[in-house]
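>>> build me a model from this:
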Amino acid sequence: MGFARKQHDRCMGEITVETISSKSNTIIKDTKKLLTSSSARQKNSLFVLEGARLCFDVLNSVYRVRYLLLTQKAMDKYADRIDSLIAVSDKAYIITDEINSKLSDTATPQGIYAVCEMTEQKVELKNKVVALDRVQDPSNVGALIRTAEALGIDSIILYDCCDIYNPKALRASMGSVLRLGCVQCDSLADTLNNLKDEYKIYSTVPQRDAKSITEIDFTAPSVCVIGNEANGVEENIKALSDELITIPMLGRAESLNAGVAGAITMWEMMR
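Residues are numbered from 1 along each chain as shown. You can find the predicted model right below:
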């Protein structure tokens, strides 16, 4: 990452807030790459939170803020809370409205970005777990993580899914990515096999001959697998499952969106 060209400095506690006015500044270019490229995020072990809600959520998470980018409007609008965010950041920069428009992919950017370090979390799987099998849509993944946290699901296992630090996934999660235990695995089959002695494994399928989810007793520790949007749960995962379960549907649609199916599944797990 490069250094900002100083126009003028402002001191916020012990941190000097510098100003960046050029769109070609190295920090701006690097931040844009982190926003648009999963490989850049993985290579640098950094991701970007955009918007006031997500940025202030980081205050109650384990993630370290490498630097902030703020417009003057954002500094003024969130003046009552911005000091707390700057205090937990290594650096902070004021950016122009033009740079804000360049960085953001939203219609009305709020002018507040937090570049954070990816953190390996030690996640303890408890009684209720959801596994996502190759779910690729960032909005679906984010919504599923948000629903899991809202309903009280203990943790989520992700196998070959989209990048959870994708800006769309982060926005859809409404900050839940920062709080819920998310476990990335290289082999879902191996992970589930290791859990079979302690957990009941259920795969959700759009098949009328599968057992209705309303008939399942989720009292015992359980893992429910939600499959890929187009192809569903992999055959090898179905084969090792204790039961194939389905959501009864009275209409003519053959299947549900992965995010919706996951939400209904989690509701049934927790009720």
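
>>> centre of the chain to stretch 175-186, how far?
Put simply, stretch 175-186 sits 7 Å off its chain's centre (C-alpha atoms, centre = their mean, to the nearest Å).

>>> for that stretch, what is the average pLDDT?
Mean pLDDT, computed over stretch 175-186, is 94.

>>> beyond the one helix or strand residue 18 maps to, next helix or strand please.
Using DSSP states H and E, residue 18 maps to strand 15-20. Per DSSP H and E, strand 15-20 leads on to helix 26-36 as the next helix or strand towards the C-terminus.

>>> what does that following helix contact?
Outside helix 26-36, the residues that touch it by C-beta atoms under 8 Å, 6 or more residues apart in numbering are 1-4, 20, 22, 40-41, 44, 46-48, 50, 67, 69, 93, 95, 99, 102-103, 105, 113, 115, 167. Placement of C-beta: from N, CA and C, glycine included.

>>> repeat that for 10 Å
Applying C-beta atoms under 10 Å, 6 or more residues apart in numbering, the contact partners of helix 26-36 are 1-5, 18, 20-23, 25, 39-41, 43-44, 46-48, 50, 67, 69, 91, 93, 95-96, 99, 102-105, 113, 115-116, 165-167.

>>> ok so, going back, average model confidence for the strand holding residue 18?
For strand 15-20, the mean confidence score works out to 86.

>>> show me how to select, in PyMOL, the buried members of the contacts of helix 26-36.
Applying 16 or more other C-beta atoms under 10 Å to the contacts of helix 26-36, the buried members can be selected in PyMOL as follows:
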select buried, resi 4+18+20+25+40+41+44+46+47+48+50+67+69+91+93+95+96+99+103+104+113+115+116+165+166+167
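
>>> among the contacts of helix 26-36, which lie within strands?
18, 20, 46-48, 50, 67, 69, 91, 93, 95, 113, 115-116 (DSSP state E).

>>> of all those, which two lie farthest apart?
18 and 47 (22.1 Å; C-beta to C-beta).

>>> which residues of this protein fall in strands?
Under DSSP E, the chain gives strands at 10-12, 15-20, 46-50, 65-71, 89-95, 112-117, 128-133, 155-159, 181-185, 200-204, 211-212, 222-226, 243-246.

>>> just the CA trace of the fourth one, in PDB.
Coordinates of each C-alpha in strand 65-71 appear next as PDB, following Å, rounded to 0.1, in the frame of the first residue of the first chain:
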ATOM      1  CA  VAL A  65      -9.000  -1.900  10.900                       C
ATOM      2  CA  ARG A  66      -5.900  -1.100   8.800                       C
ATOM      3  CA  TYR A  67      -7.100   2.200   7.600                       C
ATOM      4  CA  LEU A  68     -10.200   4.400   7.100                       C
ATOM      5  CA  LEU A  69     -11.300   6.400   4.100                       C
ATOM      6  CA  LEU A  70     -13.800   9.200   4.900                       C
ATOM      7  CA  THR A  71     -15.400  12.100   3.100                       C
END
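
>>> partner strands of that strand and their direction?
strand 89-95 (parallel), strand 112-117 (antiparallel) (DSSP bridges).

>>> nearest to residue 74, out of those strands?
strand 112-117 (4.5 Å).

>>> just checking: what are the partner strands of the strand holding residue 18?
By DSSP bridges, strand 15-20 pairs with strand 10-12 (antiparallel), strand 89-95 (parallel).

>>> tell me the spacing between the nearest residue to residue 60 once chain neighbours are set aside and residue 146.
Distances taken as C-beta to C-beta, 6 or more residues apart in numbering place residue 179 nearest to residue 60, at 7.4 Å, with adjacent residues excluded. The spacing between residue 179 and residue 146, counted by C-beta to C-beta, to the nearest Å, is 10 Å.

>>> find the residues that touch each one of the two.
By C-beta under 10 Å, 6+ apart, the residues touching both residue 179 and residue 146 are residue 173.

>>> I'm done for today, thanks for sticking with me.
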